[in-house]
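1. fold the following and give me the result.
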Amino acid sequence: MAFYQGKNYTKEELMKHVGSIHAIAGVKKFEYSEGFAKGYKAVEFRTGTGLRFVVGLDKCMDIVQADFCGKTLNWKCSAEECAPEFYESHNLDWLYTFAGGLTATCGLMNVGNPNFFEGDEKGQHGRIGNCPAYNVAIEEKWDGDDFVMSVKGIMRETRLFGCNYSLERKITAKLGENKIWLEDTITNEAHIKWPLEILYHMNCGFPLVDDGAYLVIPAKGTKARDGEAQKGIDTWDKLIAPENNYAEQCFFHDMKAEDGFATVAIMNPRIELGMSIKYSKNTLPYLTEWKCMDEGQYALGFEPANCHVMGMKWEAENGTLEYMEPGQVKKNYIEITILDGEDEIEECEEYLKSL
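-> Below you'll find the model as predicted:
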């Protein structure tokens, strides 16, 4: 049944109160009209609970903005939205068009550090995040007494004498629920095997990220990426107020899993708000935590992936680079849940600590 404003409704009961379901929930397609985002197409979801989020159709169908009851959930970079034609692939130039957002997909032919691999220059975090979707389909339908909203489309990363990957993405939400489901289907459409790297750069921001907020990550072990991160190895789970010239820290967590899924969460008891991220650990075995408490660049990132963040060359040299055979299909699942209030925060935290 549809849960709205503290009450369960059948479809028939709810529709007696409104002329259109769009009065309380739905999906709306729009286009940015100026600046670097001019012409950039997107869709906005509203679930009727106070959860609103925007999917950038022209940027790998990533969730570029999300908020709950007026509180922003994601971090947004100063670059904000940029249409894909402004993307530059050289070295670190990816950063010029990185807008942050709740999700930023990285890959498929590189994740992390720029490098040269098999005669090809690999720029920071690869190209897929700047690929526009095609065959886009928006659907709003009643499934019994549940009102289900979704958008799906296909992105492609390919070149002559190179890889030929398709990434089909579907994002789903329901009226009355504080959840977002993301399902990716990646297919190697080339006739030879190719390496694959994919990372979901999931970025939390103020006010969810703030002094006194904390992380719950049920890990079997945690390692610092480098010497700078080693300085914060004992406080990786604690967030602080913005600090001038804070050097970013990254931590690698060996996650516990239940039924093939791992879950991480950020909690902010002061505003009684939290968010959990559940993902398929079988296909995304690595988790990087990106902690950036710098003034004006104040962010916390959860990054489930099939690789590390040191680049494709490093992965190959260390024997951990994944390859996909011709025609092989890989599916990744992510479930984002907004934790509304003290009770939901405590329930989630208790569950994660019990793993």
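
2. and the nearest residue to R270 once chain neighbours are set aside, what element?
-> Using C-beta to C-beta, 6 or more residues apart in numbering and skipping the chain neighbours, the partner closest in space to R270 is G212 (5.6 Å). C-beta coordinates here come from the backbone N, C-alpha and C atoms, glycine included. When elements are defined using DSSP states H and E, G212 is found to belong to no helix and no strand.

3. which residues touch G212?
-> 239, 268-270 (C-beta atoms under 8 Å, 6 or more residues apart in numbering).

4. for E34, see how far away it is.
-> Between G212 and E34 the computed distance is 38 Å (C-beta to C-beta, to the nearest Å).

5. report the rounded mean pLDDT for stretch 30-45.
-> In this model, stretch 30-45 has a mean pLDDT of 96.

6. contacts for that stretch, please.
-> Residues lying outside stretch 30-45 but in contact with it, judged by C-beta under 8 Å, 6+ apart, are 26-29, 51-59, 64, 79-84, 86, 97, 132, 138, 149, 151, 171, 173, 180.

7. which ones among those lie within strands?
-> In this view, these that belong to strands under DSSP state E are 26-29, 51-56, 64, 138, 149, 151, 171, 173, 180.

8. buried ones among those residues?
-> Among these, those that count as buried by neighbour count (16 or more other C-beta atoms under 10 Å) are 26-27, 51-56, 64, 138, 149, 151, 171, 173, 180.

9. now do the helices in this structure.
-> Under the criterion DSSP state H, the chain contains helices at 11-15, 227-230, 312-317, 342-354.

10. any chance of these in CSV, with mean neighbour count and mean pLDDT too?
-> Putting those into CSV (neighbours: other C-beta atoms under 10 Å; pLDDT from 0 to 100) gives the following:
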stretch, mean neighbour count, mean pLDDT
helix 11-15, 15, 95
helix 227-230, 13, 96
helix 312-317, 18, 97
helix 342-354, 14, 97
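
11. dump those to TSV, plus distance to D259.
-> Compiled in TSV, those are given as follows (distance: least, C-beta to C-beta, whole Å):
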stretch	distance to D259
helix 11-15	32
helix 227-230	31
helix 312-317	27
helix 342-354	13
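
12. out of those, which is closest to T187?
-> Distances from T187 to each of these were compared by C-beta to C-beta, and the smallest falls on helix 312-317, at 19.5 Å.

13. need the contact partners of that closest one.
-> 109-113, 115-117, 122, 195, 197, 307-308, 321.

14. helices or strands up against the worst-scoring helix or strand of the chain on mean pLDDT?
-> For the chain, counting by mean pLDDT, DSSP states H and E, strand 2-4 ranks last in confidence among helices and strands (a mean of 88). With contacts defined as 3 or more C-beta pairs under 8 Å, 6 or more residues apart in numbering; DSSP states H and E, the secondary structure elements packing on strand 2-4 are strand 7-9, helix 11-15.

15. quick check: bridge partners of the residue lying closest to W236 once chain neighbours are set aside?
-> What sits nearest to W236 in space, not counting adjacent residues and going by C-beta to C-beta, 6+ apart, is F251, at 4.8 Å. F251 has these beta-bridge partners by DSSP bridges: A224, E289.

16. that older thread, could I get the helices and strands packed on strand 2-4 as a markdown table with distance to K71?
-> Formatted as a markdown table, those follow (distance: least, C-beta to C-beta, whole Å):
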| stretch | distance to K71 |
| --- | --- |
| strand 7-9 | 23 |
| helix 11-15 | 26 |
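
17. of those, which is nearest K353?
-> Of the helices and strands packed on strand 2-4, nearest to K353 by C-beta to C-beta is strand 7-9, at 30.9 Å.

18. would you indicate which residues of that closest one are buried?
-> Residues of strand 7-9 classed as buried by neighbour count (16+ other C-beta under 10 Å): Y9.

19. quick one: mean pLDDT for that strand?
-> Looking at strand 7-9 alone, the average pLDDT works out to 94.

20. pLDDT (mean, whole number) over stretch 88-100?
-> For stretch 88-100, mean pLDDT is 93.

21. end-to-end on it?
-> 16 Å (C-alpha to C-alpha, to the nearest Å).

22. distance check, T288 against F252.
-> Per C-beta to C-beta, T288 is found 6 Å from F252.

23. same question for T263.
-> Counting by C-beta to C-beta, the separation of T263 from F252 is 17 Å.

24. who's more crowded, those two?
-> Neighbours were tallied for T263 and for F252 using other C-beta atoms under 10 Å; the higher tally belongs to T263 (22 against 18).

25. now the more buried one: closest residue in space, sequence neighbours ignored.
-> Of all residues not flanking T263 in the chain, K278 sits nearest, at 4.4 Å (C-beta to C-beta, 6+ apart).

26. next one: stretch 198-207 to chain centre, how far?
-> With C-alpha atoms, centre = their mean, to the nearest Å as the basis, the distance from the averaged C-alpha position of stretch 198-207 to the chain average is 6 Å.

27. what count of nearby residues applies to K238?
-> Residue neighbour count, defined by other C-beta under 10 Å, stands at 13 for K238.
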